[in-house]
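Asker: Sequence plus predicted model, see below.
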Amino acid sequence: MQKKIETENKYEKFTIEQVKRCEIHGADYNPRKISEDAKKKLKKSLKEHGLVIPITVNKRTMNIVAGHQRVALLDDIIRKDDYPLKVAMIDVDEKQEAVLNVSLNNQSLMGEFDTVALQDIHELFPDIDYESDFGFDKSEIDIMLGDMFKPEAPEIKLIDPMKEAKHQPSAEDFRQMKKEQREKAKESDAENVHELSDLDYTLTIVFPNNRDKADFMKKIKKDPKEKFLKSTILYDLSKGVYKLSAIDG
């Protein structure tokens, strides 16, 4: 007996609808902002790949719920007063709209990158660039990948051209090799006395406001807009390398 396929998913709370650009507008309360550098990267991505995720719009207010920056850049790229746009249309009250506006863009709800998997992608597709293609900043690359990002000295060995021509490693060969490496790494970790699997290699420090953050960053001679700092900064602070008396508790 053929299994009946469900035609609806109760968790899909949107419909794809086509609207005119002039019919939708940004939410006045939208707390999201974007730096000029990030804006350039997003614009580059839109030009190269197009809009691959629909903008989310609330039917009751016609406010953009998710996609303010993408729409603004589309306006700049298309350079027309109006144009058709397929959107994910939802139907919620204003409170739910505000909650979704923030939560859909909240990095804390989106997980984090597996640095080993990122490295695997780079090895599988060597032409991919972490900065120009993925949009990472140099500081993010350095912190997330560290020594992993630095290519190791190639092993010098003699290759039989005839043998090499018969079998070039495929993507499946590569995935199998990486699977075996990960299994060996898990076995090695299991023998470790100290269990660190539940820990994270990053630490978030929250300032009361942007002014306090900027003041702190200036005192340690860093760009106030910087999002990541190396752990060595903490050791320097403990050694009294920086004068922080003005903000000490």
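Answerer: It's in. Quantities reported herein were computed from a predicted structural model and do not represent experimental measurements. Residues are numbered from 1 along each chain as shown.
Asker: For residue 202, see how far away residue 53 is.
Answerer: In this structure, residue 53 lies at 26 Å from residue 202, with C-beta to C-beta, to the nearest Å as the measure. No exception for glycine: its C-beta is placed from N, CA and C like everyone else's.
Asker: Mind jotting down where the strands sit in the chain?
Answerer: 15-20, 25-26, 55-58, 63-66, 84-90 (DSSP state E).
Asker: Run the angle between the last one and strand 15-20 for me.
Answerer: So that's strand 84-90. Between strand 84-90 and strand 15-20, the angle comes out at 140 degrees (axes from the mean of the first three to the mean of the last three C-alpha atoms, to 10 degrees).
Asker: May I see the buried residues of strand 84-90?
Answerer: When burial is assessed from 16 or more other C-beta atoms under 10 Å, strand 84-90 yields the following buried residues: 85, 87-90.
Asker: Same check on the first one?
Answerer: For strand 15-20, the buried set under the neighbour-count rule, 16+ other C-beta under 10 Å, comprises residue 19.
Asker: how close does residue 86 get to residue 51?
Answerer: Plainly put, residue 86 is 9 Å away from residue 51 if you go by C-beta to C-beta.
Asker: Residue 19 contacts residue 57, doesn't it?
Answerer: Yes - taking C-beta atoms under 8 Å as the contact criterion, residue 19 and residue 57 are neighbours in contact, 7.1 Å apart.
Asker: what's the overlap in contacts for those two?
Answerer: Common neighbours of residue 19 and residue 57 are listed as 87, 89 (criterion: C-beta atoms under 8 Å, 6 or more residues apart in numbering).
Asker: hmm, who's touching stretch 21-32?
Answerer: Counting by C-beta under 8 Å, 6+ apart, stretch 21-32 makes contact with 55, 57, 61-65, 68-69, 71-72, 74-75, 80-85, 87, 97-98, 101-102, 105, all of which sit outside it.
Asker: are any of those buried, and which?
Answerer: Applying a neighbour-count criterion of 16+ other C-beta under 10 Å, the buried members of those are 55, 57, 63-65, 68-69, 71-72, 74, 85, 87, 97-98, 101, 105.
Asker: What is the burial count for the closest residue to residue 132 other than its chain neighbours?
Answerer: Setting aside the residues directly before and after it, residue 132 is nearest to residue 44 in space (C-beta to C-beta, 6 or more residues apart in numbering), at 7.9 Å. Per other C-beta atoms under 10 Å, the neighbour tally for residue 44 reads 14.
Asker: what about residue 44, distance to residue 142?
Answerer: Taking C-beta to C-beta as the criterion, residue 44 is separated from residue 142 by 22 Å.
Asker: what residue ranges in this structure are flagged as low confidence?
Answerer: Within the chain, the segments meeting pLDDT under 70 span 1-6, 143-171, 174, 185-201, 245-249.
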